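Engineer: give me a model of this one.
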Amino acid sequence: MTHYSDASAHGLNFRKSSYSNGQENCVECATASAAGEAVVRDSKDPHGPALIFPGDSWQAFVAGVRATAFPR
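Structural biologist: As a prediction, the model looks like this:
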């Protein structure tokens, strides 16, 4: 896992989950490359740091969320 010190400087198209209902205390994600790397940042700090996850790791995380592997 790597990071950007300012993800907004990379021209990525960040999006929030529809479950956020417009809240500002969420995370946003974007796809960073053809390899499917996922970039995740805090929506309250769009010019702050962001984490970059390898595509296969992000896909495994999303599959776990969809399978309700994580308690709410």
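Engineer: tell me how many other residues crowd the spatially closest residue to residue 38 that is not a sequence neighbour.
Structural biologist: Closest residue to residue 38 apart from its sequence neighbours, by C-beta to C-beta, 6 or more residues apart in numbering: residue 58 at 3.7 Å. C-beta: built from backbone N, CA, C; applies to glycine. Counted with other C-beta atoms under 10 Å, the neighbours of residue 58 add up to 18.
Engineer: also the one 3 residues further on?
Structural biologist: As a burial measure, the neighbour count of residue 61 was computed by other C-beta under 10 Å and equals 15.
Engineer: kindly report the same for residue 30.
Structural biologist: 18.
Engineer: give me the helices and strands touching the helix or strand that it is a member of, please.
Structural biologist: In the assignment (DSSP states H and E), residue 30 maps to strand 27-31. Here strand 27-31 touches strand 38-42, going by 3 or more C-beta pairs under 8 Å, 6 or more residues apart in numbering; DSSP states H and E.
Engineer: OK, contacts around the residue nearest to residue 38?
Structural biologist: 36-38 (C-beta atoms under 8 Å, 6 or more residues apart in numbering).
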